[in-house]
Every structure is written in C-alpha cells, then in structure tokens.
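Novice: using only what follows, build the 3D model:
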Amino acid sequence: MNSPSDWAVFLAEPCAGKTSFECGAGHTIFSQGQVGDAVFFLLRGRVKLAVTSHDGKEAILDTLSAGEFLGEECLGAQPLRVKTAISVGSCALARVEKSTMARMLHEKPALAELFVKHLLSRLLRSQADLVDQLFNSSEKRLARTLLMLSHFGKESTTETVVAGITQEHLAQMVGTTRSRVNYFLNKFRTRGLIDYNGGAGFTVHRALLGVVRGDDETVPSNGARRAGTSRTAH
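Specialist: All right, here's what the predicted structure looks like:
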C-alpha cells in the first residue's frame with residue numbers, strides 16, 4: 001500500500017479539478033448507483049466500502065486507510081458506482097475529477113506507476129479475500145479480517161483495530177452471523193490472542209497469526225504455552 005507522502009507532490013500541485021475536504025464519522029462520500037465522476041484519495045482516517053442488495057441487505061467489502069484510492073472504477077468502463085463509501089471516524093480526502101485524473105495519469109509517468117502499483121495491490125488483496133472465503137473456516141476468516149483491519153505487519157507485536165468497527169461489521173466482512181463472531185471473539189480473548197473492550201475496539205496480538213496459519217499452539221493471556229486442536233464449522 002502507498003503512503004500519503006507518496007502522493008503528496010501530485011496532490012499538492014494547484015490544478016482545476018482537484019479539491020480537498022474533511023468529514024466526520026458516518027459521512028457518505030459516494031453512493032452505490034451514483035454517476036462515477038471523480039476519484040478520491042484518503043489522506044487521513046478510514047473508509048468502509050459496502051454494497052446493498054435489491055432486498056436491502058448490506059455487506060461490507062473492504063475498509064480502506066490513509067494512502068489508498070477509492071472510486072477508481074470510474075476511470076474504466078464503469079459509469080455508475082457499484083459500492084457505497086462511508087467514513088469510519090473523521091477523515092481527510094482529496095477529490096480528483098475523472099477527466100483531471102485521466103490527464104494526470106497520461107502526463108505524469110511517475111504518478112501512473114504509483115497508481116498501477118495501487119491497483120495491483122488491490123487486485124492481489126481481492127484475490128486473497130476470495131480464496132479466504134472459498135477455503136477457510138469462519139474462525140480463520142475472522143482472524144484474518146482482524147489482522148487486516150489492524151494493518152498487522154511483519155514487525156508487529158500488537159496492533160489496534162480502528163475504533164468504530166462493530167461485531168455487525170465483522171460479521172458482514174467475514175460472511176457469518178454476529179453470534180458466531182461474538183463466539184470467536186470471546187474464544188480469541190480467552191486464549192490471549194486479542195483484547196476486546198466492546199465499543200473501545202480490539203487490540204490484536206501476534207499470536208493471532210497462528211489461527212490464520214493453522215498452528216495448534218497459542219499463548220494464553222497468563223503467558224503459559226497451551227496446545228490443542230480445534231476445527232470450527234463454516
């Protein structure tokens with residue numbers, strides 16, 4: 001994923017068709033079905049991408065953080081928005097009109113290279129999500145989602161999941177029920193894999209990686225080693 005500083009030089013250049021704005025939690029940046037007339041760059045905060053079915057069911061597809069684009073589908077053959085983008089907490093964004101973004105990508109090879117890297121990263125993550133849904137249990141999918149939402153890195157020991165992500169959100173992202181999410185969260189907490197404080201959010205510990213890898217051994221909160229096997233139905 002690119003960082004906001006990677007794009008700073010391009011976004012800072014004065015140009016017609018580029019604006020910046022801030023918004024609070026729950027702000028709809030664009031809605032499913034609207035005409036796609038601009039690309040947005042997230043400078044600060046988090047944004048969730050959701051889709052709604054014809055019968056009103058909503059599913060969260062992804063949660064983006066600073067350094068990511070959203071709404072880039074409009075640059076292709078997609079005239080209407082296929083997702084709704086909603087801020088999670090306060091956010092700062094740059095809005096670049098479709099025609100302006102297309103021109104900048106044509107005129108600035110360095111920007112085009114950054115953008116291609118962004119698209120490839122998004123594609124790889126989407127493929128990993130599909131494999132996760134097809135082959136992994138809901139327990140593993142939840143563990144992977146928590147690690148993704150906390151941006152857990154190779155050097156991380158503990159990371160915090162962004163505030164505002166609820167059990168309902170997790171259930172939609174994982175593709176299971178809220179009761180199953182609650183069960184697994186309690187299981188993870190008991191085994192010392194996460195700290196969960198309700199509305200205060202989640203703290204993810206490195207040992208949670210073992211659930212994704214399928215390791216049998218975890219570290220409970222009391223520090224003792226514990227071995228065991230568990231297989232959870234989808």
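Novice: can you list contacts of stretch 9-28?
Specialist: With contacts defined as Cβ atoms under 8 Å, 6 or more residues apart in numbering, stretch 9-28 is touched by 29, 41, 43, 84-97, 99-100, 104, 108, 111, 164. Where C-beta positions appear, they are placed from N, C-alpha and C, glycine not excepted.
Novice: list the buried residues for it?
Specialist: 10-11, 18, 23, 27 (16 or more other Cβ atoms under 10 Å).
Novice: turn those residues into CSV, columns for secondary structure.
Specialist: Formatted as CSV, the buried residues of stretch 9-28 follow (DSSP: H, G, I helix; E, B strand; the rest coil):
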residue, secondary structure
10, helix
11, helix
18, strand
23, strand
27, coil
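Novice: and the residue nearest the centre of the chain, how far from residue 72?
Specialist: Geometric centre of the chain, nearest residue: residue 63, 2.5 Å, by Cα atoms, centre = their mean. Counting by Cβ to Cβ, to the nearest Å, the separation of residue 63 from residue 72 is 16 Å.
Novice: residue 118 now?
Specialist: 8 Å.
Novice: pull out the buried residues from the longest helix along the chain.
Specialist: Assignment by DSSP state H gives helix 109-135 as the longest helix of the chain. Neighbour-count burial for helix 109-135 flags 111, 114-115, 118, 122, 129, 132 (criterion: 16+ other Cβ under 10 Å).
Novice: now do residue 212: how many residues are near it, please.
Specialist: 19 (other Cβ atoms under 10 Å).
Novice: ok now the helix or strand containing residue 143, how far from the chain's centre?
Specialist: Assigned by DSSP states H and E, residue 143 belongs to helix 138-149. On the basis of Cα atoms, centre = their mean, to the nearest Å, helix 138-149 is displaced by 11 Å from the centre of the chain it belongs to.
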